[in-house]
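Enquirer: Sequence plus predicted model, see below.
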Amino acid sequence: MYGHVAALAEEIKKGAASVEGVEAKLWQVPETLPEEVLGKLSAPPKSDVPYITPYELGEADGLIFGFPTRFGMMAAQFKAFLDSTGGLWHTQKFSGKSAGLFYSTGSQGGGQETTALTAITQLVHHGMIFVPIGYTFGAGMFETSACPCLRHYAPRLELSVPAALARTYAGDGSRQPSELELEQAFHQGKYIAGIAKKLKGSA
């Protein structure tokens, strides 16, 4: 809602586009909340990034889905979009496509783990190949000083799946993605684009 996912998406796009022969595009899903509600939430205006339809997903060789977290799961707007792909699930239109995830939460204990775990099921049902970045980001994966949220409760629960995905913390909206988080997003875009290119070349 505050632009954190959009900021990561821009870096992921740059990373993907840095791979020779790869064309990267940004899309957004339709908003489901009324303008009146968005106004009360002080949501900024929507960007001019085009809206995507379920059928346009099939045109991509690889997909990286980003969304804010709501109560430890992907936001309802994104879930509604994925729910609309049921007809394409019948044909397994997305089967074999590489796919990644990234997201933003309000705090470290705000669903960093559960958002990733519950979102993976959407990819699995479509037969997509989930591509985490593992620990290929190097030393940055172990950096804890860049985000004060890392001193939040129960950090041991928040280090497995999220470590393999780009993500950020929004707090009350005033905190913006750190340089380290943006660098990881760039890396994720480049890494997954490279794998998507390899998969297409071997098909």
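Expert: Received, thanks. Numbering: from 1, shown residues only.
Enquirer: And the strands in this structure?
Expert: Listed in chain order, the strands found in the chain under DSSP state E are 62-70, 73-74, 98-105, 129-130, 166-169.
Enquirer: Going by mean pLDDT, which of those comes out lowest?
Expert: Set side by side, the strands of the chain give their lowest mean pLDDT on strand 166-169, at a mean of 75.
Enquirer: Walk me through which strands it pairs with, and which way each runs.
Expert: Paired with strand 166-169 in the same sheet, following DSSP bridges, are strand 98-105 (parallel).
Enquirer: how far off strand 62-70 does the partner strand point, in degrees?
Expert: Comparing the axes of strand 98-105 and strand 62-70 via axes from the mean of the first three to the mean of the last three CA atoms, to 10 degrees yields an angle of 20 degrees.
Enquirer: what's in contact with strand 98-105?
Expert: For strand 98-105, contacts defined as CB atoms under 8 Å, 6 or more residues apart in numbering pick out 4-5, 8-9, 12, 61-69, 74, 111-112, 115-116, 119-120, 123, 128-133, 165-170, 185, 188, 192, 195-196, 199. Where you see a C-beta, it was placed from the backbone N, CA and C, and this is true even at glycine.
Enquirer: try 6 Å this time
Expert: 4-5, 8, 62-69, 111-112, 115, 119, 123, 128-129, 131, 165-168, 170, 192, 195-196, 199 (CB atoms under 6 Å, 6 or more residues apart in numbering).
Enquirer: May I have the residues that are in contact with the residue of the chain most remote from its centre?
Expert: Relative to the centre of the chain, the most outlying C-alpha is that of Glu36, 26.8 Å out, by CA atoms, centre = their mean. Glu36 makes no contacts at all, as judged by CB under 6 Å, 6+ apart.
Enquirer: Quick one, which of the contacts of strand 98-105 are buried?
Expert: 4-5, 8, 62-69, 111-112, 115, 119, 123, 128-129, 131, 165-168, 170, 192, 195-196, 199 (16 or more other CB atoms under 10 Å).
Enquirer: Show residues contacting the helix or strand bottoming out on mean pLDDT in the chain.
Expert: Lowest by mean pLDDT, DSSP states H and E among the helices and strands of the chain is strand 166-169, with a mean of 75. Contact partners of strand 166-169, identified using CB under 6 Å, 6+ apart, comprise His4, Leu8, Phe102, Tyr103, Ser104, Cys149, Pro177, Glu181, Gln184, Ala185, Gln188.
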